[in-house]
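1. mind looking at a prediction? Sequence and model below.
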Amino acid sequence: MKLESYVRPAGLEEALAVLAAPGPKALVFAGGTDLVPMMRKMRMNGTLLNGDSPRVILDLSKLDELCGIRKAGGMLEIGAATTMGVIAADPSVKKLVPVLAAAAASVGSPLVRNRATLGGNLVTASPSADTAPALLAAGAVVRLAGAEGGPRELPLSEFFVAYRKTALQPGEIVTHVLVPLAGRPVAGRFEKVGLRNADAISVVCAACEIELEGSTCRAARIGLGAVAAVPVRALAVEAALLGREITADVAAECARLVHEHISPIDDVRASAQYRGWVAEAVVARMITDTAREAGA
């Protein structure tokens, strides 16, 4: 990568102005934990040799507007540059969105969690991004800002459009992730299956939030990662659970519908067949465990 400049803006407006300026393409980052792996990949596929490779590094890590966690307008508002370590330890996240706290705590090692940011985990659009299933299960929304026009908000389920591609327009960045607080707290679980107990890329990751009335499911959201080109909602499983009393048999029956939404691949971590088996088993276990922990 032939860099021409490194920019650390003092505020969001300056950052957006850099992105909107004519000239060399800018590479946006905050924690930078994916920067070197990305540069290696670009070098291997030859994009470092053409005119499309980034020439400017835009560092958002010190923008106060993009950091921190607060309640606002019926939402839990999390700055895109907030680190995984902060999210995993935050009392509000632990209480109101425990699936996200658990997902953030599963990312990499303590060193990685102290640098990696929530926005970066989503913008890279990795199918195995650990926080994506948790945020899908939580019904999260992303707030985007660009130099032209005002901020816009998009459901996270519409943010991932293809493998490693998002709905971000040129010149836009993710500024915040918003989690609705209405109806919370609800019961939930996050599960991650990897080749090691820590510091592992997911073979399958999943999260669910279920609203129960007694032992009957009144609402459900289930997010899945590492089993399709993008993180996905298991809509068929969610629909099958509605209005039903949750038992182990019902959970297993509904979990089989997960195959309607996944298209796993073979890679160095697992075969497609294994991922399919694990996804079904994990979803069934999450449903029963969530119901049990909620007293159902």
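-> Happy to help now that I have it.
2. so where is this structure shaky, pLDDT-wise?
-> Residues of the chain meeting the criterion pLDDT under 70: 1-3, 36-53, 184-185, 296.
3. and the contacts of the longest helix anywhere in it?
-> In the chain, assigned by DSSP state H, the helix with the most residues is helix 272-293. Outside helix 272-293, the residues that touch it by C-beta atoms under 8 Å, 6 or more residues apart in numbering are 187-189, 191, 193, 203-204, 206-210, 212, 215, 222, 224, 226-227, 234, 237, 241, 246-248, 251-252, 254-256, 258-259, 262, 264-266, 270. The way it works is simple: take the backbone N, C-alpha and C, and place the C-beta from them, glycine included.
4. which parts of this structure are strands?
-> Ranges of strands within the chain are 5-7, 26-29, 56-59, 69-72, 75-79, 141-146, 152-155, 160-162, 165-166, 172-180, 187-193, 204-213, 216-225, 232-233, based on DSSP state E.
5. separation between residue 130 and residue 243?
-> 31 Å (C-beta to C-beta, to the nearest Å).
6. check residue 23 too.
-> For residue 23 relative to residue 243 (C-beta to C-beta), the value is 57 Å.
7. ditto for residue 285
-> On the measure of C-beta to C-beta, residue 285 and residue 243 end up 22 Å apart.
8. who has more neighbours, the two?
-> Set side by side, residue 285 and residue 243 show more neighbours around residue 285, with 17 against 10, by other C-beta atoms under 10 Å.
9. report the contact partners of the closest residue in space to residue 147 that isn't next to it in sequence.
-> The shortest distance from residue 147 to any residue other than its chain neighbours is 3.6 Å, reached at residue 20 (C-beta to C-beta, 6 or more residues apart in numbering). Contacts of residue 20 were listed using C-beta under 8 Å, 6+ apart, and they are 146, 147, 148, 171.
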